[in-house]
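**Q** Provided below for reference: sequence and predicted model.
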Amino acid sequence: MEDKIRITTETGSRLVGALIGLVRATDGMMHVTDDTNNIIIEGLHMSDIALGISDADMKAMIARVHADKHTIVPDCSVCGAPCGRTADYDWESVYREERTEHEEGNSDGNVAEPSVISDVRIDILSILQKISHRVISGEINADGEVNFSVCRAVFALGENWSDGELERVESELEDLSTNNSM
């Protein structure tokens with residue numbers, strides 16, 4: 001198995017998984033708190049392994065993510081029959097996916113090996129991290145379009161989309177990153 005380049009620590013992976021659960025809870029950004037978008041941007045920023053953010057700080061951010069999700073969907077945490085829709089995603093699984101025989105195509109008919117899809121997901125997260133750095137530094141204005149695109153991409157990280165669908169998300173993020181500034 002070819003090792004994947006890690007762009008998160010294990011705790012950073014838990015943070016990314018929690019962000020995916022939070023974005024799922026927003027139902028396409030229809031249900032958010034005043035702080036949801038800031039938490040998503042800050043969480044993406046903190047998840048970048050290159051920044052060397054401490055596990056304690058990332059665990060504190062995970063707690064903020066969970067608290068915000070609980071505010072949006074308070075009954076999920078006490079549900080007697082949880083559906084898993086807003087559960088934290090296992091981002092570490094992206095690093096564990098191995099090359100296997102081709103799987104059946106997704107809705108757009110594209111067929112990709114799991115490792116290709118996980119590589120695209122890693123690329124998407126890397127772009128999201130760069131966008132979050134630029135938002136935090138003030139280079140990009142986090143307006144409604146930016147927030148929606150970021151949340152859509154975070155949502156896509158945890159979905160079973162084809163490589164073609166994920167590559168479209170990646171392309172949209174690259175356009176956003178290069179064309180959007182203060």
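**A** That came through fine. Numbers count the residues shown, from 1 in each chain.
**Q** contacts and neighbour counts: CA atoms only from here.
**A** Noted.
**Q** contact partners for residue 59?
**A** Taking C-alpha atoms under 8 Å, 6 or more residues apart in numbering, we find residue 59 in contact with 11, 15.
**Q** any idea how far it lies from residue 148?
**A** Distance, residue 59 to residue 148, using C-alpha to C-alpha, to the nearest Å: 25 Å.
**Q** check residue 79 too.
**A** In terms of C-alpha to C-alpha, residue 79 sits 28 Å off from residue 148.
**Q** next one: the helix or strand of the chain with the lowest mean pLDDT to chain centre, how far?
**A** Scoring the helices and strands of the chain by mean pLDDT, DSSP states H and E places helix 92-96 at the bottom, with a mean of 87. With C-alpha atoms, centre = their mean, to the nearest Å as the basis, helix 92-96 stands 14 Å off its chain's centre.
**Q** tell me, how many residues neighbour residue 123?
**A** Using other C-alpha atoms under 10 Å, the number of residues around residue 123 comes to 16.
**Q** for it, which non-adjacent residue is spatially closest?
**A** Closest residue to residue 123 in three dimensions, ignoring its sequence neighbours and counting by C-alpha to C-alpha, 6 or more residues apart in numbering: residue 170, at 7.4 Å.
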